[in-house]
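> my questions are about this predicted structure, shown below with the sequence.
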Amino acid sequence: MDPTCDSKYASGQVGRARFYHRKFSSHGMTGSLLQRRFFKKYHVRVRFAPSPTGHLHLGGLRTALYNYLFARSNNGTFILRIEDTDQTRTIPGAMEKLQDDLLWAGIISEEDPIRGGPVGPYKQSSRLELYKEQVLKLLENGSAYYCFCTEKRLELLRKEAMKCGQVPKYDNRCRHFSKDEVKEMFRKNSTYCIRFKLSSTPESFNDIVYGEILHDIAKTEGDPIIIKSDGYPTYHFANVVDDHFMEISHVLRGVEWQVSTPKHIMLYKAFGWDPPIYGHLPLILNADGSKLSKRQGDIKIESFRKQGIFPLALLNYVIGAGGGFHGDKEYQNLYSYQELIKRFDVNKIKSSSGKLMPEKLLEFNKLEIANLARNEKNHEFLIEKIKKLVLEAFPERKNDGSLQLDDHHIITTLKWAQNRISTLNDLVKKDLTFLWVPPSVPNIEQVNCTDAIKLLNTELAEIDAINYQTCWMVSYLEDFAQKHRIPFPILMKILRSVLSGAKVGPPVAEMMEILGKDRTLLRLQRCVS
Ligand code: GLU
């Protein structure tokens with residue numbers, strides 16, 4: 001075994017693949033976009049390669065995360081490459097949003113369109129020169145050919161196949177054109193695309209998640225287009241060329257791409273390059289076993305962010321559906337980033353589809369809130385977040401100075417509330433409004449309680465702030481009610497109204513604890529003065 005290679009990788013611990021001795025082949029690298037191949041042999045280089053055609057959703061997040069963890073746990077490199085060659089589907093701003101969501105999730109790339117890197121650019125639309133250059137190699141060695149079929153002819157083929165109950169498939173007509181015929185078509189200025197000749201002898205490949213996969217692609221598909229008539233490459237071609245020139249060692253991607261992998265491997269072969277190691281990630285299903293759909297708004301990362309879900313809670317939620325980790329059964333613990341890296345093992349990824357358990361998401365978020373609140377270093381960040389939420393929830397109070405938003409109050413409130421909330425957004429729900437907004441003054445005269453409240457106010461003013469604790473306060477209020485012959489439930493009802501302006505909410509003694517002496521007295525005084 002090569003002593004210079006990365007020990008984990010070379011010892012075969014990385015993946016079940018039988019390719020672990022594979023080396024990067026040397027091949028001609030010219031052109032402005034190309035850099036010298038300098039990465040250490042066996043260095044793990046993985047990429048997340050989204051198309052900016054919409055929002056990042058749970059499936060994409062899982063792919064990005066597994067690639068990131070695989071890189072981190074093998075001292076490798078995680079790359080973000082934007083696959084935007086389908087200009088008709090590219091949505092302006094989607095790339096930036098994707099990057100922002102990844103950053104939010106803590107999935108940080110070492111090479112990407114913003115940071116750049118040694119094998120950039122990292123956006124396919126900026127690499128067109130490379131694809132043009134590379135496709136010539138395939139044309140020259142006879143693995144690709146010009147196709148002049150018109151859209152009309154292709155449509156006819158499709159219709160005919162449908163009529164006969166067959167799956168539509170290009171009939172590879174232009175594969176057989178002679179050089180002269182091709183010249184003639186060019187002379188006539190005919191529109192063309194470039195297709196790749198699929199091999200009719202299928203070869204299996206070893207998927208590190210699914211094992212040996214054999215798929216006779218030429219049986220179900222005609223020769224695929226690799227360069228479209230607009231000069232842009234198709235996904236398959238650009239993806240293979242980039243994975244090669246970016247020296248990607250492992251491709252971990254959704255199982256929906258598994259059918260394309262034989263095609264990609266054929267392309268590698270046609271170029272004379274070694275393919276990377278492939279591993280496909282199983283489908284993520286809803287709790288009821290149905291497929292997640294991109295159209296389902298709630299699987300967008302943006303929706304989780306808006307709901308107040310913390311990144312680590314979301315990551316732990318999504319990994320519960322597919323395995324890949326040493327340790328407890330799925331969905332048990334909330335792992336930190338370090339633990340995720342330490343526990344990740346590509347060999348543990350399951351090949352069966354995994355179900356999400358929505359109730360776990362809020363449970364994880366609750367745990368994460370408690371974790372964050374425990375560490376003082378996070379307080380500034382939490383205070384900022386909560387202030388923002390409160391100001392957004394009560395815009396009419398923004399400028400009148402009545403919102404209770406001092407830092408100490410925010411942190412004590414959060415610590416008190418962490419067992420009863422699942423997201424920070426819950427802090428501004430109706431039953432907890434009293435935490436931030438003093439209620440309007442209730443009319444206690446109506447219930448003949450002015451004297452009782454006055455008395456209570458006087459007595460409470462004498463009580464040390466330290467005693468404003470739930471247990472102490474409960475027995476004090478019980479004694480007070482008995483002493484003054486006020487039915488306890490009535491006293492509680494009045495106090496609740498005075499302190500929070502609401503009919504329901506946390507127990508009164510707890511409200512007094514969380515409001516503290518000064519705020520409690522202030523709210524009582526407003527009623528009696
Ligand atoms: N651009 C593809 C996507 O949007 C990438 C597939 C792959 O990872 O090869 O998912």
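That came through fine.
> tell me which element the residue of the stretch 101-250 of the chain found nearest the ligand is part of?
Relative to the ligand, the nearest point of the stretch 101-250 of the chain is residue 239 (5.0 Å; CB to the nearest ligand atom). To be clear about C-beta, it is placed using only N, CA and C from the backbone, and glycine gets the same treatment. Take DSSP states H and E as the rule and residue 239 turns out to sit in helix 235-245.
> sorry, back to before: for burial, what's the neighbour tally of the residue of the stretch 101-250 of the chain closest to the ligand?
As a burial measure, residue 239 scores 24 neighbours (other CB atoms under 10 Å).
> what does residue 528 give?
Other residues near residue 528 come to 18 when the count uses other CB under 10 Å.
> what lies in contact with the helix holding residue 239?
Residues from elsewhere that reach helix 235-245 (CB atoms under 8 Å, 6 or more residues apart in numbering): 29, 33-34, 47, 49, 51, 81, 83, 85-86, 119, 124, 127, 130-131, 134-135, 196, 224, 226-227, 233, 248, 251, 260, 263-264, 267-268, 271, 273, 276.
> and for stretch 253-269?
Identification of contacts with stretch 253-269 by CB under 8 Å, 6+ apart yields 49, 59, 63, 196, 198-199, 202-203, 205, 207, 210, 213, 215-217, 221, 224, 226, 236-237, 239-240, 243-244, 274-275, 278, 280-283.
> likewise for stretch 293-307?
So stretch 293-307 is contacted by 54-59, 61, 97, 101, 104-105, 292, 314, 361, 423, 425 (CB under 8 Å, 6+ apart).
> look up the closest residue to the residue of the stretch 401-529 of the chain found nearest the ligand, ignoring the ones flanking it.
Of all residues in the stretch 401-529 of the chain, residue 423 sits closest to the ligand, at 29.3 Å by CB to the nearest ligand atom. Spatial nearest neighbour of residue 423, chain neighbours left out: residue 308 (3.3 Å); criterion: CB to CB, 6 or more residues apart in numbering.
> mind listing what the most centrally placed residue in the chain touches?
Taking CA atoms, centre = their mean, the centroid of the chain lies closest to residue 61, which sits 2.9 Å from it. By CB under 8 Å, 6+ apart, residue 61 lies in contact with 101, 105, 107, 301, 314-315, 318.
> pLDDT of the helix or strand where residue 364 lies, averaged?
When elements are assigned from DSSP H and E, residue 364 belongs to helix 358-374. Averaging pLDDT along helix 358-374 yields 95.
> again, but for stretch 97-114
97.
> tell me which strands and helices the helix or strand just after the helix holding residue 364 is in contact with?
Next helix or strand after helix 358-374 toward the C-terminus (DSSP H and E): helix 379-393. Contacts defined by 3 or more CB pairs under 8 Å, 6 or more residues apart in numbering; DSSP states H and E place helix 379-393 against helix 358-374, helix 407-417.
> how far away is residue 436 from residue 396?
Separation of residue 436 from residue 396 (CB to CB, to the nearest Å) stands at 12 Å.
> higher neighbour count, those two?
Legend: neighbour count by other CB under 10 Å for residue 436 and residue 396, higher for residue 436 (23 against 8).
> surely that one meets residue 402?
No - contact criterion CB atoms under 8 Å: residue 436 and residue 402 do not qualify, at 9.1 Å.
> get me the contact residues on this structure for the ligand.
By CB under 6 Å from any ligand atom, the residues of the chain that approach the ligand are 49-51, 83, 235, 239, 253, 257.
> now, which of those lie within helices?
Counted as lying in helices by DSSP state H, out of those, are 235, 239.
> quick one, phi psi at residue 284?
Torsion angles at residue 284 (phi, psi; degrees, to the nearest 10) stand at phi -100, psi 130.
> so what's the predicted local confidence for it?
Residue 284 carries a pLDDT value of 92.
> nearest residue to it in space, please, no chain neighbours.
residue 321 (4.7 Å).
> cool, residue 403 as well?
Leaving aside its sequence neighbours, residue 403 sits nearest to residue 397 (CB to CB, 6+ apart; 5.1 Å).
> please apply the same query to residue 161.
Residue 161 sits nearest to residue 168 (CB to CB, 6+ apart), 4.2 Å away.
> which residues are in contact with the one you found?
Residue 168 makes contact with 157-158, 161-162, according to CB under 8 Å, 6+ apart.
> from residue 121, how far out is it?
In terms of CB to CB, residue 168 sits 36 Å off from residue 121.
> repeat that for residue 377.
Going from residue 377 to residue 121 by CB to CB gives 37 Å.
> among the two, which residue is more densely surrounded?
More crowded of residue 377 and residue 121, by other CB under 10 Å: residue 121, with 15 against 7.
> against residue 241, how distant is the residue nearest to the more buried one when sequence neighbours are not counted?
Among residues not flanking residue 121 along the chain, residue 127 sits closest, at 5.8 Å (CB to CB, 6+ apart). Plainly put, residue 127 is 8 Å away from residue 241 if you go by CB to CB.
> which residues do those two both contact?
By CB under 8 Å, 6+ apart, residue 127 and residue 241 have no common neighbours.
> about what we covered before: neighbours of the residue of the stretch 401-529 of the chain closest to the ligand, how many?
Neighbours of residue 423 using other CB under 10 Å come to 21.
> same check, this time on the one 4 residues further on
Taking other CB under 10 Å as the neighbour definition, residue 427 ends up with a count of 24.
> ok, residue 103 next?
When counting by other CB under 10 Å, one arrives at 13 neighbours for residue 103.
> okay, and it sits in which element?
helix 94-105.
> next helix or strand past that helix?
Per DSSP H and E, helix 94-105 leads on to helix 128-140 as the next helix or strand towards the C-terminus.
> gap between the residue lying closest to residue 319 once chain neighbours are set aside and residue 368?
Nearest residue to residue 319 in three dimensions, chain neighbours excluded: residue 325, at 6.4 Å (CB to CB, 6+ apart). Applying CB to CB, the value for residue 325 to residue 368 is 17 Å.
> quick one: secondary structure of residue 511?
Each residue gets one of three states, and residue 511 gets helix by DSSP: H, G, I helix; E, B strand; the rest coil.
> picking that back up, of the contacts of helix 235-245, grab the buried ones for ChimeraX.
Applied in ChimeraX, the following selects the buried portion of the contacts of helix 235-245 according to 16 or more other CB atoms under 10 Å:
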select :33,47,49,51,81,83,85,86,119,124,127,130,131,134,135,196,224,226,227,233,248,251,260,263,264,267,268,271,273,276
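> now, the contacts of helix 235-245 that are in strands?
47, 196, 226-227, 251 (DSSP state E).
> just put the residues you listed in CSV and tack on distance to residue 466.
Putting the ones in strands among the contacts of helix 235-245 into CSV (distance: CB to CB, whole Å) gives the following:
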residue, distance to residue 466
47, 58
196, 78
226, 76
227, 77
251, 62
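> nearest to residue 390 among these?
The closest of the ones in strands among the contacts of helix 235-245 to residue 390 turns out to be residue 47 (CB to CB; 40.9 Å).
> my read: that closest one touches residue 80, true?
Yes - between residue 47 and residue 80 there is a contact at 7.0 Å, judged by CB under 8 Å.
> my read is residue 432 is in a helix, agree?
Yes - judged by three-state DSSP, residue 432 forms part of a helix.
> my read is that it contacts residue 426, right?
Yes - here residue 432 reaches residue 426: they are 7.2 Å apart, a contact under CB under 8 Å.
> how about the contacts made by the residue nearest to residue 423?
365, 389, 423-426.
> for the residue nearest to residue 78 when sequence neighbours are not counted, give me its contacts.
Leaving aside its chain neighbours, residue 78 sits nearest to residue 71 (3.9 Å; criterion: CB to CB, 6+ apart). Residues counted as contacts of residue 71 (CB under 8 Å, 6+ apart) are 44-46, 77-78, 110.
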